[in-house]
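Visitor: Attaching a predicted model along with its sequence, questions to come.
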Amino acid sequence: MLYMDLARVYKALESTTKRLEKTEILAELFRSVEGELLPAVTILMLGRVFPTWSSEELGVGIKLLMKAISTVVGVSVEEIEDEIREQGDIGLASEKLFSRKAQTTFFSKPLTVELVYSKLRALASISGERAQSRKIDILLEILSQAKPLEAKYITRTVLEELRVGVAEGIIRDAISGAFGVDPALVERAHMLTNDLGMVALVARDEGEEGLKKLNLEPGRPVKPMLAQLADSIESAVQELGRAFCETKYDGVRVQIHRKSGEILIFTRRLENITLAVPDIVEMVEEALPDTDYIFEGEIIVKIDGRPASFQYILQRVRRKYDIDRLKVEVPLSLYVFDVLYHERPLIDEPLIKRRSILESVISEIPGKVEASHMVDVGPDNVEDAVNLFNESIREGHEGIMIKDVMAPYIPGIRGKKMLKFKAEPETLDLVVVGGTYGRGKRAHLVGSYLLAARDEDTGELMTVAHVATGLDDQTLQELSDRMEELIIERKGRKLWVKPEIVLEVAYSEIVKSPEYESGYSLRFPVVKRIRDDLSPEDVDTVSRIRSIFGESE
Ligand code: AMP
């Protein structure tokens, strides 16, 4: 298949904001793809070349990419920077620069999707000596044959910022439309496998029966089931009838997989952190059974027996060096609260059954690996839940979880079967898309951060607030340094960055505001913490903000 055909589809997707039109364009594309190429095309439509949870990274930054473009089109890196500034985006800038070059070049071989896909994947496998120059060689191989429109989307794919307004939900609808299969089955298959390429292939070749057979598998992370906020402990228990109430530990949620003897640890954003937490691997080898499994739990840091602040744990989860020292200085404890797979998939079993399996197979290591602290609550003993809440807060935890004992595990869904009740008011997780440098002595620090939420249909980020308080100077410095690396554009004191840093923000009230793209804004926003355990895909949605606004009216 010609890459130009794909580039034209990207262009068509970019030129409409209507969800239905985008879905139809994609469905037509999926129908037209032949053979085994379908998974690659599906994943390329998301602007990626590996599934979201893969630990493979292309490892090409904007500087390296500009070098490659500079060689191909024969202009200086400074000129490319100017063009990016003018166009506001690497893709548009490349299209422009390549079109100037196009007038003088003879294209010998048209690019195929197969070639672009395999070369981009090859980028991830390069490391070690001369990695940079070998990466450039690969980029040159594809870019030197690219026509302007192709260059636009190749460069954006390399930087993982496709920006054609397509999120996973639209791809799922398109798969369902293209092959006439039930959208609910597509969604289920996606939640269980997290591999839309495979889901598309199975939908096409094996239809609904094939999709039904897809299930979770140790080794492949699952989107976690999410919690809704309870209005009160009493009303939540009343509504559920019988609930397991558990301490809500304030750390990082992990999925622990064991497959053929190998243990893998993933975060809730499906990031593989096994190498960063060898102590957890050792502990679960002792505490959990020697079978294939998927358990879920929360890792926290305890110092002198008390839970330490959330920032400690971030020092651990994505760390690549100094791990032996940190293992001792920042010790981890694991609280296991669910089992999704133990010798067989368990997610369709009610919580009461899963919990009993969990308790029967875990060999607790006190203070290190334990089942989450739980009380069984019904309308007659609601006070046990209230007591658990008070005890949790006293011990330095966040609150309690209130879970329907009859509920199956529903991956990726924020439903009413698992509720949370916290001591502090609700916060929003938002991604930083820009900022403003300070003045005078603080001119080197980004003092104010422009935040965005996600539009769940298009995947696009919509601004909602500026936040300027809640961070100490050292953290401000660290954030400012990270922002420098992510700059897309800078004008005077203002800068715009690639969305990567997620902040948890408290606020007094949500108000309507034409000033921000989302149509809403936050009054008195304060940064509660940096959420390096979340990715830009995990931030709160505009519809959640709309619904909180509705609730508070
Ligand atoms: P939130 O992140 O505020 O939506 O709250 C839900 C989160 O609480 C989950 O994603 C887990 O990371 C965390 N959590 C802590 N303790 C538990 C528990 N006992 N059961 C389930 N989730 C828990």
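Guide: Perfect, I can see it now.
Visitor: Contact partners for the closest residue to the ligand within the stretch 1-150 of the chain?
Guide: Ranking the residues of the stretch 1-150 of the chain by distance to the ligand (C-beta to the nearest ligand atom) places Trp53 first, at 16.4 Å. Heads up, the C-betas are built off the backbone N, CA and C, glycines and all. Residues counted as contacts of Trp53 (C-beta atoms under 8 Å, 6 or more residues apart in numbering) are Asn194, Arg220, Pro221, Phe266, Leu270, Glu271, Asn272.
Visitor: The stretch 151-300 of the chain: helices as residue ranges?
Guide: 168-179, 183-193, 196-213, 233-240, 278-287 (DSSP state H, counting those that start in this stretch).
Visitor: Show me what the last one is in contact with.
Guide: Applying C-beta under 8 Å, 6+ apart, the set of residues contacting helix 278-287 from outside is 254, 256, 258, 263, 265, 274, 295, 299, 323, 327, 331-332, 334, 362-365, 368-369.
Visitor: now with 6 Å?
Guide: Ile256, Ile263, Lys327, Leu332, Leu334, Ile362, Ser363, Ile365, Lys368, Val369 (C-beta atoms under 6 Å, 6 or more residues apart in numbering).
Visitor: would you list the helices of the stretch 151-300 of the chain in TSV and tack on mean neighbour count?
Guide: As requested, these are exported to TSV (neighbours: other C-beta atoms under 10 Å):
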stretch	mean neighbour count
helix 168-179	22
helix 183-193	21
helix 196-213	19
helix 233-240	19
helix 278-287	17
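Visitor: pLDDT below threshold where in the stretch 401-550 of the chain?
Guide: Scanning the stretch 401-550 of the chain for pLDDT under 70 picks out nothing.
Visitor: one more time with 80
Guide: Residue ranges of the stretch 401-550 of the chain with pLDDT under 80: 457, 550.
Visitor: By proximity to the ligand, which residue of it wins?
Guide: Met401 (4.2 Å).
Visitor: so that residue sits right up against Tyr249, yeah?
Guide: No. Taking contacts as C-beta atoms under 6 Å, Met401 lies outside contact range of Tyr249: 9.3 Å.
Visitor: CA-only coordinates of stretch 148-156 in CSV, if you can.
Guide: Below are the C-alpha coordinates for stretch 148-156, written out as CSV (Å, rounded to 0.1, in the frame of the first residue of the first chain):
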residue,chain,number,x,y,z
PRO,A,148,5.6,17.1,0.9
LEU,A,149,2.3,15.7,2.2
GLU,A,150,4.0,12.5,3.3
ALA,A,151,6.8,14.4,5.1
LYS,A,152,4.1,16.3,7.0
TYR,A,153,2.7,13.1,8.6
ILE,A,154,6.0,11.2,8.8
THR,A,155,7.6,13.9,10.9
ARG,A,156,4.5,14.2,13.1
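Visitor: what's the spacing between it and its chain's center?
Guide: 24 Å (C-alpha atoms, centre = their mean, to the nearest Å).
Visitor: cool, stretch 375-389 as well?
Guide: 34 Å.
Visitor: just stretch 397-405 next, same as before
Guide: 24 Å.
Visitor: Now Asp376. Its backbone dihedrals?
Guide: phi -90, psi 120 (degrees, to the nearest 10).
Visitor: Equivalent analysis for the one 10 residues further on, please.
Guide: The phi and psi torsions at Val386 (degrees, to the nearest 10) take the values phi -60, psi -40.
Visitor: hmm, back to that, tell me the confidence at the residue of the stretch 1-150 of the chain closest to the ligand?
Guide: pLDDT for Trp53: 79.
Visitor: likewise Ala122?
Guide: At Ala122, the pLDDT recorded in the model is 96.
Visitor: show me the contacts for it.
Guide: Applying C-beta under 6 Å, 6+ apart, we find Ala122 in contact with Ile138.
Visitor: list the buried ones in stretch 154-165?
Guide: In terms of neighbour count (16 or more other C-beta atoms under 10 Å), stretch 154-165 has its buried residues at Ile154, Thr155, Arg156, Thr157, Val158, Leu159, Leu162, Arg163, Val164, Gly165.
Visitor: in this protein, what spans have low per-residue confidence?
Guide: In the chain, residues with pLDDT under 80: 52-55, 101-108, 310-311, 318, 457, 550-553.
Visitor: In it, what residue comes closest to the ligand?
Guide: Closest point on the chain to the ligand, by C-beta to the nearest ligand atom, is Arg253, at 3.1 Å.
Visitor: Please verify my assumption that that residue contacts Arg269.
Guide: No. Applying C-beta under 6 Å, one finds Arg253 not in contact with Arg269, separated by 9.5 Å.
Visitor: Could you check which of the two is surrounded by more residues?
Guide: Counted by other C-beta atoms under 10 Å, Arg253 and Arg269 do not tie: Arg269 has more neighbours, with 20 against 17.
Visitor: Excluding covalently adjacent residues, which one is nearest to the more buried one?
Guide: Ser535 (4.4 Å; C-beta to C-beta, 6 or more residues apart in numbering).
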